[in-house]
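Asker: Generate a structure from the sequence data that follows.
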Amino acid sequence: MARRILATLVLAHAASSIPVQATAYCQAGVTASGQWTRPGTAAANWLRLGTRIRVWPPAWGRTLFVVLDRIGYGSQLDLWTSSCTAAWAYGRRLEHVTILAR
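Answerer: Numbering: from 1, shown residues only. Sure thing, here's the model as predicted:
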């Protein structure tokens with residue numbers, strides 16, 4: 001019974017997108033989860049580590065990200081890219097985030 005309720009909550013939550021202020025970062029290294037930064041890495045304090053999210057519109061052609069890191073003050077979501085030039089050009093944007101799984 002508890003699994004069915006949890007699955008219903010996750011599906012209901014996944015159906016709606018949340019507008020968040022997003023920035024980008026390019027600092028490579030070990031994340032808060034203990035994994036190395038890689039394409040698809042996101043940082044957020046309001047989501048658990050390991051949460052899979054869909055970001056729209058796409059950032060660098062990618063829509064699926066996994067929260068593997070924590071973020072500093074001033075943004076709700078940070079998306080990792082290997083290019084510091086691309087991170088700088090990204091600036092601050094309103095992204096729509098759908099939580100897929102925790």
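
Asker: Quick one: residues contacting the residue nearest the centre of the chain.
Answerer: Nearest residue to the geometric centre of the chain (Cα atoms, centre = their mean): residue 42, 3.9 Å. Residue 42 sits next to 53, 55, 65, 66, 67, 68, 69, 77, 78, 79, 80 when contact means Cβ atoms under 8 Å, 6 or more residues apart in numbering. To be clear about C-beta, it is placed using only N, CA and C from the backbone, and glycine gets the same treatment.

Asker: how about the strands in this structure?
Answerer: For the chain, the strands defined by DSSP state E cover 17-25, 41-43, 52-59, 62-69, 77-80, 93-101.

Asker: starting at the chain centroid, how far to the first one?
Answerer: Between the centre of strand 17-25 and the centre of its host chain there is 8 Å, according to Cα atoms, centre = their mean, to the nearest Å.

Asker: Return the set of buried residues in that strand.
Answerer: Using 16 or more other Cβ atoms under 10 Å as the test for burial, strand 17-25 gives 20, 22, 23, 24, 25.

Asker: of the residues you listed, closest to residue 46?
Answerer: Closest approach to residue 46 among the buried residues of strand 17-25 (Cβ to Cβ): residue 20, at 8.4 Å.

Asker: hang on, isn't the closest one packed against residue 95?
Answerer: Yes - with contacts counted by Cβ atoms under 8 Å, residue 20 reaches residue 95, the gap being 5.8 Å.
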